[in-house]
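Engineer: Got a sequence here, can you model it:
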Amino acid sequence: MHAPVSLPRAAAIAAASLFAAAVAGFGALHAGFSQVEHPVAALGASGVANAAAFNMTAFVAPGALGAFVAQALRARMTQARFVARLGVQVLTLAALAFGALGVLPLDSHDLLAPASNAHAAAWTMWWVAFAAGATLLAVGMRGTRHARTSRGVFLCAVVALAFAIMLPGLVAVGLSQRLAFAAWFVALVAFAPTGTEASSPGSPRTGRA
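Structural biologist: Have a look, this model is predicted:
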């Protein structure tokens, strides 16, 4: 008999599912929209039909769920190293920045307008916080039984960083951005706590990590 899925893990899966469904569903409503070429945020830009609904479903709700998952993990890290706990707080910031992508939509008429600049700032905050938080978590979890998972989260951040800022010139912008977001959601599901022990994420190694 399988153990029930924890609430944080369910929230992480729901966040990823909402994002994927929103991007696919709202994208299908716009003739000529390319999932490979066009950025995700184009579906939520000002003046675009159903933009508010898209932003809420694709960015705001998943960002809020991601922050909940991170804080659920933080609550169980009472015995973890300070660096690891700080990393989770920074990952919470990354989730909030992800949600801000929907609160601060692009200006569909001017990519240099203040609104578009604010959206770009939220995008930058997202990948910077994701990379920093994952690094701190991996460093802080060394030698614990959760070290392998933390390394996996760090690798997801490396992938996200690569596709967010280094590879868009080699890979279509839309596809590159979607791969960066996919890495974030994989990490979110990976670090979502599943146990019930308050000190579990920071406990010493008891076996292979």
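
Engineer: Now do the buried residues in the longest helix anywhere in the chain.
Structural biologist: Scanning the chain for the helix with the most residues, using DSSP state H, yields helix 114-140. Going by neighbour count (16 or more other CB atoms under 10 Å), the buried part of helix 114-140 is 115-116, 118-120, 122-123, 125-138, 140. All C-beta spots, glycine's among them, are computed from the backbone N, C-alpha and C.

Engineer: Show me what it is packed up against.
Structural biologist: helix 82-103, helix 147-161, helix 173-191 (3 or more CB pairs under 8 Å, 6 or more residues apart in numbering; DSSP states H and E).

Engineer: what angle do it and helix 147-161 make?
Structural biologist: Relative orientation of helix 114-140 versus helix 147-161 (axes from the mean of the first three to the mean of the last three CA atoms, to 10 degrees): 150 degrees.

Engineer: So for the residue nearest to H109 when sequence neighbours are not counted, what's the pLDDT?
Structural biologist: Once flanking residues are discounted, H109 sits nearest to G47: 6.8 Å by CB to CB, 6 or more residues apart in numbering. G47 carries a pLDDT value of 89.

Engineer: Give me the neighbour count for G47.
Structural biologist: 10 (other CB atoms under 10 Å).

Engineer: same check, this time on R148
Structural biologist: R148, neighbours per other CB under 10 Å, totals 12.

Engineer: now H38
Structural biologist: H38, neighbours per other CB under 10 Å, totals 18.

Engineer: quick one: the residue nearest the centre of the chain and H30, what's the gap?
Structural biologist: A centroid search over the chain (CA atoms, centre = their mean) returns W184, at 3.8 Å, as the residue closest to the centre. Distance, W184 to H30, using CB to CB, to the nearest Å: 24 Å.

Engineer: likewise L170?
Structural biologist: In terms of CB to CB, L170 sits 26 Å off from H30.

Engineer: Comparing these two, which shows the higher neighbour count?
Structural biologist: More crowded of L170 and H30, by other CB under 10 Å: H30, with 14 against 8.

Engineer: before we move on, what SS does that one have?
Structural biologist: coil (DSSP: H, G, I helix; E, B strand; the rest coil).

Engineer: what's the spacing between it and H38?
Structural biologist: Distance, H30 to H38, by CB to CB: 9 Å.

Engineer: Equivalent analysis for I165, please.
Structural biologist: Distance check for I165 against H38: by CB to CB, it reads 18 Å.

Engineer: Same question for A84.
Structural biologist: 38 Å.

Engineer: Run a quick check on S150 versus G133, I expect a contact.
Structural biologist: No: between S150 and G133 there is no contact under CB atoms under 8 Å: 10.8 Å.
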